Structures are given as structure tokens and as C-alpha cells.
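*Asks:* Let's see this in three dimensions:
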Amino acid sequence: MKPMGAIPLEFQSLPLTIGGRSVEELLSSSPLFVYDSAVIRSRITRFRAAFPGIDLHYAVKANPFAPLLAAMVPLVDGFDVASAGELARVAALAKAVSFAGPGKTDAELDAAIAAGVTINLESENEADRALAIAGRLGATPRLAVRVNPEFELRGSGMRMGGRASPFGVDAECVPALVKRLLAAGADWRGFHIFAGSQALDPAAIIDSQAHTLDLAARLAAEVGATPPLVNLGGGFGIPYFPGEQVLDIEAIGAALTPRLSALPDTQFAIELGRWLVGEAGVYLTRIVDRKESRGETFLVCDGGLNHQLAATGNLGTVVRRNYPVAVATAHPDRKREVVSVVGPLCTPLDRLADQVELPIASPGDVIAVFMAGAYGLTASPWEFLGHSRPVEILV
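*Replies:* Numbering: from 1, shown residues only. Below is the predicted model of the structure:
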């Protein structure tokens, strides 16, 4: 038997209900992603209490489901997008938008400038192209500079600083670029400094934010101008795997707030995606077969890697570990057994849970894969082998 991560507190009662509705009531078609808006609101309430006065931006790449984005409008202060496709999803939502990511095409820069979006510049070349496009449009571009810092976020799942990078302008080159933007008449919107993601160590995040504030203050002094906004990035992780703990954001907020006086006339933002929506999502897939093979039991489901790639350990995970899963239709008093939960794809990579202890289940029962609200369907190869695309709903 192998361990699995902890089920979020909101979903620990079985048979599973989501938003007050039973799984069978929700599951008109299988597989299905369900996002619980109450869980998202609770995370945002917690953030607001821990970080008073700091703007909250939602990173659309975490989950771009249209009803979820619409529900976010009254709850967050802005959206961060990383493509023209994401920009199109939020363009009509009447919120501040920033556009980050390397490799922006001229067409994307044109669309962003025309829409009044803040572009987080990733290179000097991108700055030149943005200024030229703005000149052709007769527009004043809103341009921030994404900074590639000298430091990284220790213990993060993906490190975005402290090394050569396609992301952002190396910190030592930033002052000259900002001065050039100001001389060109651009509306300089400040800095975006993002050192890493999926961190669960509050001390590491506190340390990274302290370095970020020091860097922003130093760059502002070298530029000779106050940045209107400093986007501190995010990096807040959620506990997917055995032994991981819920992130103490209250400790992070308590350390950050007194340090903001380093730039008293600057507004600060934190950009979050996974931390806001990851725990709110549940992937539901029905068991279609139960088989025994050489002493092992397999529960074969109608969905798997093609919809929830990360849970199978195939989205950048070096060592495969089990996401939290449950038999959503089981009563707590069912006897338990050790099984592997697999999907319908013709590849041994399609394994949602490996040798975990679950209530005894049969075809017709429903498996719930938790932590499915971020980097789920849109980060998975849902067209692989031609299986149907799952339904998504917000409750």
C-alpha cells in the first residue's frame, strides 16, 4: 500500500457531496470536473484578512473555465493572462488585466495595447516591438517590466529566478529599459517580480518577498521614479501529496505588511491561481471495469490521464506520488482494499492512483480525484486517443 495526499477538509465526508449536491445528482455525464465556488470564496476571504490593502490578481492559466472567471469578477482586483486566447476570455469582464509570458507575437501585443492591457515586458526586444506597435496605433502603451531576479524561491515546484531565463529582463538591465520606456512616453506601470511557484514553506516565501521588496526599491532608486505597482508574483502552494501541510499565509502576511513602507507610494499585488482554485476542484470518473491481475486489483475508469494529467504524475513530477482520491459513492462502513485506479487509455502511464487503500468498489461506483481545480483539463491532452471531452460545472 502507498500513501496518498490529504483530501481537502470541505470534501472529507462520504458519500461525497459538492456544493450540497450528491455526486450522482451532479454526474449527468461522466467524466466531470466540478468546481465549488464556496471553497474559492473561502480562500479569497482568508487572503483578504491576511493581506489587507494588497491587490489580488487571478492567474487565468490555472483555470480558464468561463463561469469560474465570471464568478471571480467581484472577488479579485485583476486578471493575469498569458496569451491572446486568455485575453479574449477576460476582455469583457471589466477588470484590470496584465499580460505576461515570453514570445508574445506582434498580433498579441497589438491586441493588448488596443485593449489598454498592461503588458509585462519579458525582453528589450519585446519592448521595442510594443513601442513600435503603439506608435502605429497612436496609443500610449501600458508597460510594466517583468524582472528576472538574482534570487529564487527556495523549495518551489518551479523556480523562476536566480538563473538565466526566458522569463523577464535580468535585474541589472531593468533601470536602463525603464528609463527608455519613460523617455518614449509609455505609461510605465511598474515591476512584475516572480521568483517561483508551488511553495509550501512560509519562511521561504517570506524570504523571497523580502528580497523582492529590496530589489524593487533598489530598481526604483536607480530609475529615479516610483513604480505605480509592484506585482510580487505568487508562489503559494497547496498540499497535494502525503506529508505536505497547508500553507500558513497568515504568517506570510504578518511578515510582509510592515515591509511595504519601503515603497510608500506604490500599490502592491499578489498574483495567485492554484492557491485560489486548486482545492475547489474535484474530478469525477465512473468505474467501468474491475479486474484482477497477478494478485493486484485494478479499478478501470472512463477518464484518466487525458483529463487529469497531473494526478498521474506526468506533468513535471520526478517521483510519482498519489493525489488524494476517494470512492465518492461509498459509505464509510464499507470494507477496504488496496487497489490501483487507472483510466481507459492504452498506455501504462494512465494511472490515477497507485496501490492505495479505498473502500471496495465495483463498476458503476464513482472515483473522485481531488485538488483538480488548477492545471486540470486545460493542462491535459484531452484529445489523446479520441475520448470525449469531459463536462465542467461550477456549483
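*Asks:* Contact partners for L177?
*Replies:* L121, E124, A127, V145, V169 (Cβ atoms under 8 Å, 6 or more residues apart in numbering). Placement of C-beta: from N, CA and C, glycine included.
*Asks:* all strands in the stretch 151-300 of the chain, in order from the N-terminus.
*Replies:* Under the criterion DSSP state E, counting those that start in this stretch, strands of the stretch 151-300 of the chain are mapped to 158-159, 169-170, 187-193, 196-197, 229-231, 267-272, 281-293, 296-301.
*Asks:* Which one of those lies nearest to L9?
*Replies:* Among those, strand 281-293 comes nearest to L9, with 13.4 Å by Cβ to Cβ.
*Asks:* Can I get that closest one in CSV, CA atoms only?
*Replies:* Output of strand 281-293 as CSV, limited to C-alpha atoms (Å, rounded to 0.1, in the frame of the first residue of the first chain):
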residue,chain,number,x,y,z
GLY,A,281,-12.0,21.3,-8.0
VAL,A,282,-13.0,17.6,-8.0
TYR,A,283,-12.6,15.3,-11.0
LEU,A,284,-15.3,12.6,-11.1
THR,A,285,-14.9,9.5,-13.2
ARG,A,286,-17.0,6.3,-13.2
ILE,A,287,-15.6,2.8,-12.8
VAL,A,288,-16.4,0.8,-15.9
ASP,A,289,-14.4,-2.4,-15.0
ARG,A,290,-12.8,-4.2,-12.1
LYS,A,291,-10.1,-6.7,-12.8
GLU,A,292,-7.6,-8.9,-11.0
SER,A,293,-4.1,-9.4,-12.5
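*Asks:* between the strands of the stretch 151-300 of the chain, which gets nearest to M72?
*Replies:* strand 267-272 (11.1 Å).
*Asks:* Give me the mean pLDDT for that closest one.
*Replies:* The average pLDDT for strand 267-272 rounds to 97.
*Asks:* now the angle between strand 187-193 and it, please.
*Replies:* Strand 267-272 and strand 187-193 are oriented at 50 degrees to each other (axes from the mean of the first three to the mean of the last three Cα atoms, to 10 degrees).
*Asks:* and N125, how many neighbours does it have?
*Replies:* 9 (other Cβ atoms under 10 Å).
*Asks:* I should have written T257 there, sorry.
*Replies:* By other Cβ under 10 Å, 15 other residues sit near T257.
*Asks:* Would you mind measuring from it to A88?
*Replies:* 36 Å (Cβ to Cβ, to the nearest Å).
*Asks:* I'd guessed N231 sits against Q267; true?
*Replies:* No: counting by Cβ atoms under 8 Å, Q267 is not a contact partner of N231; they are 9.7 Å apart.
*Asks:* quick one, helices of the stretch 251-395 of the chain?
*Replies:* With helices called from DSSP state H, counting those that start in this stretch, the stretch 251-395 of the chain shows them at 274-277.
*Asks:* Skip the chain neighbours and tell me the closest residue to N322.
*Replies:* M4 (3.6 Å; Cβ to Cβ, 6 or more residues apart in numbering).
*Asks:* tell me the pLDDT at the closest residue to V246 other than its chain neighbours?
*Replies:* Spatially, and ignoring its direct neighbours in sequence, V246 is nearest to P239 (5.8 Å; Cβ to Cβ, 6+ apart). pLDDT for P239: 95.
*Asks:* swap in L153?
*Replies:* 52.
*Asks:* check which helix or strand covers E86.
*Replies:* Per DSSP states H and E, E86 falls inside helix 84-90.
*Asks:* Quick one: find the helix or strand in this structure with the lowest mean pLDDT.
*Replies:* Least confident helix or strand of the chain, by mean pLDDT, DSSP states H and E, is strand 158-159 with a mean of 51.
*Asks:* Residues contacting the host helix or strand of A130, please?
*Replies:* Assessed by DSSP H and E, A130 sits inside helix 124-137. Helix 124-137 has contacts (Cβ under 8 Å, 6+ apart) with 104, 106, 109-110, 113-114, 119, 121, 140-141, 143, 145, 169, 173, 177, 180-181, 184, 186.
*Asks:* and that helix, average pLDDT?
*Replies:* pLDDT averaged over helix 124-137 gives 98.
*Asks:* elements contacting the top helix by length along the chain?
*Replies:* Longest helix of the chain, by residue count under DSSP state H: helix 202-223. Counting contacts by 3 or more Cβ pairs under 8 Å, 6 or more residues apart in numbering; DSSP states H and E, helix 202-223 packs against helix 174-183, strand 187-193, strand 229-231, helix 249-256.
*Asks:* and the shortest one, how far out from the chain's middle?
*Replies:* Translated: strand 229-231. How far strand 229-231 lies from its chain's middle: 19 Å, per Cα atoms, centre = their mean, to the nearest Å.
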